[in-house]
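Student: 3D model of this:
(one chain, ligands or ions: 1)
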Amino acid sequence: MLSLTNLESWYGRSRALNGISLEVPEGKITGIAGRNGTGKTTLLKTIMGLTDSAKGVVRLGGRDISAAPTHMRARAGIAYVPQGRGIIPDFTVRENIVMGGFANRAGKRAVPEIVPELFPYLAENMDRRGGLLSGGQQQQLAIARALAAEPDVVLLDEPNEGIQPSIVEDIEKVILRMSRDFGLTVILVEQNIGFLRRAASRFAMLEKGAVVEGGDISGLTDAVVDRHMTI
Ligand SMILES: Nc1ncnc2c1ncn2[C@@H]1O[C@H](COP(=O)(O)OP(=O)(O)OP(=O)(O)O)[C@@H](O)[C@H]1O
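Tutor: Below you'll find the predicted structure:
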């Protein structure tokens, strides 16, 4: 279980999270929603220790990792798939995936066995340069790289943003399988409310760096969406 208590987070002197507390159930998908600029990405970055400074407590399986540097959080079992994917264009598909193995607790530096089943395109194009892949294929690559760490928790930041519709469905299936078949705990930042309702068991709606609504996914009603997401 990942548990966040009173998280505050800063970029320089500007505070972007204002005391977020969230219990993230194990093996389930927790959805994070909210308008642009409300702190969704910052929440994921703060869990990874990637903002300039932070306060509050991040616990993973009961262990307080709030003071741990990013690579130790990765080693503790949290993998981050950032918005914009962050793949290395000059590395091959294989090299990009294996890079994720730096945080593998069993010391494995390999393409996970599950990759061919989840991502047939990647399996068939292991020697292709990452930069030659389409946006959707790069998103798949970023997820495969996260899985190379064999994490317990995966943080996904708008995995379907800017991706051609034909691949969106494939990526959604993979996200669902992460929790249903592999028992991974997932935090999913997602603007597509339909997918959030299908995939997540719990949600948190953010406004100005704070949780304004949250709980069981059944509480993510049209009224809540209208109140906090329409512009
Ligand atoms: N690197 C940064 N330096 C300074 N301020 C930042 C930085 N990144 C984000 N912010 C600010 O922090 C606040 C939260 O931004 P964040 O990116 O977390 O929002 P978001 O909900 O993920 O938005 P989006 O949907 O646009 O990705 C915003 O006010 C934003 O301007």
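Student: As a check, name the ranges of all strands in the chain.
Tutor: Assigned by DSSP state E, the strands in the chain fall at 2-11, 14-24, 29-34, 53-60, 63-64, 78-81, 153-157, 185-189, 202-207, 210-216.
Student: any chance of the ones you listed in TSV, with distance to Glu169, mean pLDDT and mean neighbour count too?
Tutor: (Glycine included, C-beta is placed from N, CA and C.) Putting these into TSV (distance: least, CB to CB, whole Å; pLDDT from 0 to 100; neighbours: other CB atoms under 10 Å) gives the following:
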stretch	distance to Glu169	mean pLDDT	mean neighbour count
strand 2-11	28	98	18
strand 14-24	26	98	18
strand 29-34	17	98	25
strand 53-60	31	97	17
strand 63-64	37	96	11
strand 78-81	18	97	25
strand 153-157	16	98	24
strand 185-189	16	98	24
strand 202-207	22	98	22
strand 210-216	26	98	16
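Student: Export the ones you listed as JSON lines, with columns for distance to Ile171.
Tutor: Shown next, in JSON lines, are the strands of the chain (distance: least, CB to CB, whole Å):
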{"stretch": "strand 2-11", "distance to Ile171": "22"}
{"stretch": "strand 14-24", "distance to Ile171": "21"}
{"stretch": "strand 29-34", "distance to Ile171": "13"}
{"stretch": "strand 53-60", "distance to Ile171": "25"}
{"stretch": "strand 63-64", "distance to Ile171": "31"}
{"stretch": "strand 78-81", "distance to Ile171": "11"}
{"stretch": "strand 153-157", "distance to Ile171": "9"}
{"stretch": "strand 185-189", "distance to Ile171": "11"}
{"stretch": "strand 202-207", "distance to Ile171": "19"}
{"stretch": "strand 210-216", "distance to Ile171": "25"}
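Student: Can you say which of those is nearest to Gln138?
Tutor: strand 78-81 (10.8 Å; CB to CB).
Student: In terms of secondary structure, what does that closest one contact?
Tutor: The helices and strands touching strand 78-81, judged by 3 or more CB pairs under 8 Å, 6 or more residues apart in numbering; DSSP states H and E, are helix 40-48, helix 135-147, strand 153-157.
Student: quick check: angle from the last one to strand 53-60?
Tutor: Spelled out, it's strand 153-157. Put simply, strand 153-157 runs at 140 degrees to strand 53-60, going by axes from the mean of the first three to the mean of the last three CA atoms, to 10 degrees.
Student: Could you do the longest one as well?
Tutor: Computed by the same axes, to 10 degrees, the angle separating helix 135-147 from strand 53-60 equals 70 degrees.
Student: For helix 135-147, the averaged confidence score.
Tutor: What helix 135-147 shows for mean pLDDT is 95.
Student: Using CSV, write out every CA atom in that helix.
Tutor: Presented in CSV, the C-alpha positions along helix 135-147 are these (Å, rounded to 0.1, in the frame of the first residue of the first chain):
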residue,chain,number,x,y,z
GLY,A,135,3.7,8.6,-30.2
GLY,A,136,1.6,5.7,-29.3
GLN,A,137,4.5,3.2,-29.8
GLN,A,138,6.7,5.4,-27.7
GLN,A,139,4.1,5.3,-25.0
GLN,A,140,4.1,1.6,-25.1
LEU,A,141,7.9,1.7,-24.9
ALA,A,142,7.8,3.9,-21.8
ILE,A,143,5.4,1.4,-20.1
ALA,A,144,7.6,-1.5,-21.1
ARG,A,145,10.6,0.4,-19.7
ALA,A,146,8.8,0.9,-16.4
LEU,A,147,7.9,-2.9,-16.3
